[in-house]
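> What shape does this take:
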Amino acid sequence: MQRTRGAGRLSAKLSAGQSRIDRLFQEGSARIRLPRVARGAPLEAVLINTAGGLTGGDRMDWHFEAGEGASLLLATQACEKTYKAQGDSEARVSVQLKLNAGSSLVWLPQETILFDRARLARSIDVDMAPGARLLMVEPVVYGRLAMREAVTEGQFHDRWRIREAGHLVHAEDMRLGPMIAKALSRPAVANGGLAMATVLMIAPDAEARLADARRLIGGSGGASHMMMPPGAGQGAGTGKLLARIVAGDSYELRKVLVPLIRLLNPAGGMPKVWSI
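The predicted structure follows:
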């Protein structure tokens, strides 16, 4: 069976006070589009999988770099759908992000939707320089409630590694399956919710935004803050804000997630593709 392959790379540089394209590469089913933005705004890139979704055996690889002092905002054109896999084959998505000194990178893909018996393995690796600013948001939906889709079985493995100046500052491995519906029903997992999101912010003002973040999240999840570990190289006052949100469906998730993103991304706000 024919399988989807895609790879896209983009780097941004600061030129005459504006974040601009430095290098751009795309092949296979991966496409990158750069909408017009206001002067002084981050360089915005919209990621597209022309295959229309993923299934077992598909591969997508994304590489992005924010040059020194540059700002880069990354979003997807639509939700990434992961369909039923044949046998034990799985779809694999790899994301590599690099932030140079004084740069800012915001990773804002729309929801990843998993269908029944989907198999997805995703890895996100981030390499940050001292003084860089990072915001990552990853929402996941297990079937579309409005379409009466039920996800009973499947596999989802989400692996994150964030390093600053070579020091590991955040790591997580989330594995769900093979009985996804049973796992989501557990109070300690999702308490019956079908949509969830992880939000990670590493920036000097992370602690200052914690109280407002908790107010916006309310009973839908929680948020915590910690200072960067000694020797991480970020400098005094830089911290990490981590939030988890769980909701009954994607609509309820966005009601919490959108104002939270606006709070944590005051310079760039929400990309237009999120409202199309």
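> quick one: the helices in the stretch 51-200 of the chain?
180-184 (DSSP state H, counting those that start in this stretch).
> Low-confidence stretches in it?
Along the stretch 51-200 of the chain, segments meeting pLDDT under 70 span 145-148.
> which strands and helices sit next to the top helix by length along the chain?
In the chain, taking DSSP state H as the definition, the longest helix is helix 250-264. When contacts are defined as 3 or more Cβ pairs under 8 Å, 6 or more residues apart in numbering; DSSP states H and E, helix 250-264 sits against strand 133-142, strand 195-203, helix 210-217, strand 239-247. From N, CA and C alone the C-beta is placed, and that goes for glycine too.
> Next, the buried residues of that helix.
By 16 or more other Cβ atoms under 10 Å, the buried positions in helix 250-264 come out as 250, 252-254, 256-257, 259-261, 264.
> Stretch 50-68 too?
Going by 16+ other Cβ under 10 Å, stretch 50-68 has these buried residues: 51, 53-67.
> Distance to I217 added to the buried residues of helix 250-264, as a markdown table?
Shown next, in a markdown table, are these (distance: Cβ to Cβ, whole Å):
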| residue | distance to I217 |
| --- | --- |
| S250 | 16 |
| E252 | 12 |
| L253 | 11 |
| R254 | 13 |
| V256 | 6 |
| L257 | 9 |
| P259 | 10 |
| L260 | 7 |
| I261 | 12 |
| L264 | 12 |
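> and W160, what is it in contact with?
Each residue near W160 by Cβ atoms under 8 Å, 6 or more residues apart in numbering is listed here: 123-126, 170-173, 200.
> Among those residues, the buried ones, what's the PyMOL command?
Buried members of these can be picked out in PyMOL with the line below, counting by 16+ other Cβ under 10 Å:
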select buried, resi 123+124+126+170+200
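> Looking at the contacts of W160, which are in strands?
Those of those mapping onto strands are 123-126, 170-173, 200, per DSSP state E.
> As a markdown table, these with distance to Q96 would be great.
What follows is these, written out as a markdown table (distance: Cβ to Cβ, whole Å):
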| residue | distance to Q96 |
| --- | --- |
| S123 | 9 |
| I124 | 8 |
| D125 | 5 |
| V126 | 8 |
| H170 | 15 |
| A171 | 15 |
| E172 | 17 |
| D173 | 17 |
| L200 | 16 |
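> Closest to K98 out of the contacts of W160?
V126 (7.6 Å; Cβ to Cβ).
> quick one: the closest one and T238, what's the gap?
15 Å (Cβ to Cβ, to the nearest Å).
> same thing with G269?
The value you get for G269 to T238, if Cβ to Cβ is used, is 23 Å.
> neighbour count winner among the two?
T238 (22 against 15; other Cβ atoms under 10 Å).
> The more buried one against A206, yeah?
Yes: counting by Cβ atoms under 8 Å, A206 is a contact partner of T238 at 7.4 Å.
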